[in-house]
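**Student:** Sequence and predicted model, in that order:
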Amino acid sequence: MGKIHDSSKTFRMLNIFERLNKGEILSKDRLSLEYDVNQKTIQRDIEDLRCYIQEKHYEEKDSTIKYDRELKGYKLIKFQREWLTNEEIMAVCKIILESRAFCKDELDLIIKKLLEQSLPEHTTHINKIIKNEQFNYIPLQHNKKLISVIWELSEAINKNEKISIDYTRQDNNRRERIVKPVSIMFSEFYFYLIAYNEDTDKEIPIVYRIDRINSYKNLHEKFEVPHGKKFQEGEFRKRVQFMYSGELTRVEFEFTGSSVEAILDRLPTAEIISQEGNKYTIKAESYGDGIYMWLGAQGDKVKILPKE
């Protein structure tokens, strides 16, 4: 790193703190050269930062800036830092690339911002790992920008406000609906809006793929969520397959495949009722018919049992 020309105290301390947050080991010699100040000035900066950490992060009693004699520099100790670690950055980049959830512009921007949180030498390493996958990234067919849409829909959810949506179904039938939005979820490539339709008395959540929403408008009309009936994303996710909504259904089936773990991971509500050798009898519950579609795709490994 070359000499940093802006040597004002505020800029200097912010930059030092940011670099410590990223995990850099900083020496007084190096810092004094970079900022064109003497080592006593750097020492005062470090003491001021120590006081700041002690005051603002007092619950983390061991958090401080310490000198490491072996590494011959100062480092941040046991600080629950706001920066992602290099390992976390690489893992998140791989997940985003595999999800194919975003158009290329949004993907590149997110990865760029993630990489800006890592040290230059680690950025090179992460880039090398993901460069080819990012270059050959193929977005989904809709190729729409979704980040701002997701945010605006989430604001309606937080305020319990109805929205009007112009929606194109899978069969290309286009409809307008007024809905009560309760959640945004992601599953297998797509973001979904979970909502209750205003024109029905059934308390069945309807699933709308966000990229199929042509337009939407916040009506700024409040809707009430009855006490004890708040939508539970975790419980809903356990019981919905491929984001197909409908009545809650229970199914029992036999599985004779090589990995029952794959079934239990894919169907979070699944329970093994009995086992005979490599044949498992399993029960599960799910909203709608998605579970039957998935079980049917498993071929002769799965036999759906008749309902009693």
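**Tutor:** Here it is on my side, so go on. Numbering: from 1, shown residues only.
**Student:** CA atoms only for the longest helix seen in the chain - export them in CSV, please.
**Tutor:** As assigned by DSSP state H, the longest helix anywhere in the chain is helix 39-56. Provided in CSV are the C-alpha atoms of helix 39-56 (Å, rounded to 0.1, in the frame of the first residue of the first chain):
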residue,chain,number,x,y,z
GLN,A,39,5.0,6.9,15.5
LYS,A,40,3.8,8.8,18.7
THR,A,41,0.8,10.1,16.7
ILE,A,42,0.0,6.5,15.6
GLN,A,43,0.3,5.3,19.2
ARG,A,44,-2.2,8.0,20.4
ASP,A,45,-4.6,6.8,17.6
ILE,A,46,-4.4,3.3,18.8
GLU,A,47,-5.0,4.3,22.4
ASP,A,48,-8.0,6.4,21.3
LEU,A,49,-9.4,3.3,19.4
ARG,A,50,-8.9,1.2,22.5
CYS,A,51,-10.9,3.6,24.5
TYR,A,52,-13.6,3.6,21.8
ILE,A,53,-13.8,-0.2,21.8
GLN,A,54,-13.9,-0.3,25.6
GLU,A,55,-16.8,2.2,25.7
LYS,A,56,-18.9,0.9,22.8
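**Student:** Name the helix or strand of the protein that has the lowest mean pLDDT.
**Tutor:** helix 233-238 (a mean of 67; mean pLDDT, DSSP states H and E).
**Student:** would you list every one of the strands in this protein?
**Tutor:** Counting by DSSP state E, the segments of the chain that form strands are 64-68, 73-77, 161-168, 174-187, 190-197, 206-209, 213-222, 248-255, 271-276, 279-287, 302-304.
**Student:** any chance of the ones you listed in TSV, with mean neighbour count too?
**Tutor:** No exception for glycine: its C-beta is placed from N, CA and C like everyone else's. Conversion of the strands of the chain to TSV gives the following (neighbours: other C-beta atoms under 10 Å):
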stretch	mean neighbour count
strand 64-68	15
strand 73-77	18
strand 161-168	18
strand 174-187	17
strand 190-197	21
strand 206-209	20
strand 213-222	14
strand 248-255	16
strand 271-276	11
strand 279-287	19
strand 302-304	15
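**Student:** Can you add distance to Lys112 and give the ones you listed back as CSV?
**Tutor:** Formatted as CSV, the strands of the chain follow (distance: least, C-beta to C-beta, whole Å):
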stretch, distance to Lys112
strand 64-68, 29
strand 73-77, 25
strand 161-168, 32
strand 174-187, 21
strand 190-197, 21
strand 206-209, 27
strand 213-222, 27
strand 248-255, 43
strand 271-276, 45
strand 279-287, 38
strand 302-304, 44
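**Student:** Could you measure from Asn173 over to Val149?
**Tutor:** Separation of Asn173 from Val149 (C-beta to C-beta, to the nearest Å): 21 Å.
**Student:** more neighbours, those two?
**Tutor:** More neighbours surround Val149 than the other of Asn173 and Val149, with 17 against 8 (other C-beta atoms under 10 Å).
**Student:** Surely that one and Ile213 touch.
**Tutor:** Yes - contact criterion C-beta atoms under 8 Å: Val149 and Ile213 qualify, at 7.3 Å.
**Student:** ok so, going back, Leu140 is nearest to which of the strands of the chain?
**Tutor:** Closest of the strands of the chain to Leu140 is strand 190-197, at 7.6 Å (criterion: C-beta to C-beta).
**Student:** If anything else comes up later, I'll come back, but that's it for now.
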